[in-house]
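[1] Give me a model of this one.
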Amino acid sequence: MISPELMDVLACPTCKSDLTLKKNELYCKKCKVSYEIKEDVPVLFPKN
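    Numbering: from 1, shown residues only. The predicted structure follows:
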């Protein structure tokens, strides 16, 4: 699981907005894009 401290500094790689944790993904409300979490590591590659 992602720590609260890490959630405080994570941002969407595209728009730099805050991300929210949904199930096993990080979600950007502004871009409406989800980023997966693999082995407790966020995979934050921009979606084109």
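[2] drop to CA atoms for contacts and neighbour counts, all remaining ones
    Noted.
[3] Partner strands of the helix or strand S34 falls within and their direction?
    S34 is part of strand 33-38 when elements are defined by DSSP states H and E. Paired with strand 33-38 in the same sheet, following DSSP bridges, are strand 25-28 (antiparallel), strand 41-42 (antiparallel).
[4] who's in contact with the closest residue to C28 other than its chain neighbours?
    The shortest distance from C28 to any non-neighbouring residue, by CA to CA, 6 or more residues apart in numbering, is to L19 (4.9 Å). Contacts for L19 (CA atoms under 8 Å, 6 or more residues apart in numbering) come out as 7, 10-12, 26-29.
[5] quick revisit: any idea which of the strands paired with strand 33-38 gets closest to S3?
    Closest approach to S3 among the strands paired with strand 33-38 is made by strand 41-42 (10.9 Å; CA to CA).
[6] can you give me the offset of the strand holding S34 from its chain's centre?
    Relative to its parent chain, strand 33-38 has a centroid offset of 6 Å by CA atoms, centre = their mean, to the nearest Å.
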